[in-house]
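Q: build me a model:
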Amino acid sequence: MLNLTPSKSVQTLAMSLGIVVAGLIGSSLQSQAQTATPGVSTRRTTSFQIADASSIAEMERAIFNRINQYRASKGLRPMVWNDEIAHQAREHSRNMAKKIVPFGHQGFEKRAKALSAAIQSRGTGENVGWVMSKNDPAGKVIDAWIKSQKHRENIEGDFSMTGIGVGISAMGEYYFTQDFVRK
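A: This next block holds a predicted model:
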């Protein structure tokens, strides 16, 4: 987990937490969350079925819709999709899938600063996940995030905008990043 407060000096609190969840035979999921907000570190997990997401863009939007459905079920306002946030998330997922960076939050501080500059945010957060299953990978990562307290704290947090990125490795592993911004 990483906690950043955008200001004259950026304060960093780092804590990395990984969860490995065994699903159906041959499937696994790993997820991590980070939050960049004043004095708070977080992370999260849950289980949803997202069928027939035939393209990465459709899968990203399906995850976005399911996260907002979950928020609505908790009486929270929906987050708004932001293409710049999605771009940052997508690049991170692709870099993890290509093994350019290890699975986790490497470079989150840089992404948070870029988003803060582009969107003038008051706080940022990030959830990442890894699924090695072609059987509803998006649903598996959402389920894992909602079951994990720290990931759920990001999902249920006071964030107004989000973007989601998916990367698929040559081995068929799915890498997910959801970045959050508080305006």
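Q: any idea how far Ala112 is from Ile85?
A: According to Cβ to Cβ, to the nearest Å, Ala112 stands 11 Å off from Ile85. Using the backbone N, CA and C atoms, a C-beta is placed for each residue, glycine as well.
Q: same thing with Gln106?
A: Going from Gln106 to Ile85 by Cβ to Cβ gives 18 Å.
Q: Pro78 now?
A: Plainly put, Pro78 is 15 Å away from Ile85 if you go by Cβ to Cβ.
Q: and those two? Which one has more around it.
A: Neighbour totals were compared for Pro78 and Ile85, and Ile85 leads with 29 against 14 (other Cβ atoms under 10 Å).
Q: quickly find the element holding that one.
A: Per DSSP states H and E, Ile85 falls inside helix 83-97.
Q: low pLDDT regions in this protein?
A: Applying pLDDT under 70 to the chain flags residues 1-54.
Q: what ranges does it have for its helices?
A: Per DSSP state H, the chain carries helices over the ranges 56-73, 83-97, 108-119, 137-147, 149-155.
Q: for the ones you listed, which one ends up most surrounded?
A: Stretch with highest mean neighbour count among the helices of the chain: helix 137-147 (a mean of 26; mean count of other Cβ atoms under 10 Å).
Q: what helices or strands is that one leaning on?
A: Judged by 3 or more Cβ pairs under 8 Å, 6 or more residues apart in numbering; DSSP states H and E, the packing partners of helix 137-147 are strand 19-22, strand 28-36, helix 56-73, strand 123-131, helix 149-155, strand 174-182.
Q: just to revisit the earlier point, dump the helices of the chain to CSV, plus distance to Met171.
A: Converted to CSV, those look like this (distance: least, Cβ to Cβ, whole Å):
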stretch, distance to Met171
helix 56-73, 16
helix 83-97, 9
helix 108-119, 24
helix 137-147, 13
helix 149-155, 24
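Q: among these, which is nearest Glu173?
A: helix 83-97 (6.8 Å; Cβ to Cβ).
Q: outside of that closest one, which residues touch it?
A: Applying Cβ atoms under 8 Å, 6 or more residues apart in numbering, the contact partners of helix 83-97 are 60, 101-104, 107, 111, 114-115, 118-119, 126, 128, 130, 161-169, 173, 175-181.
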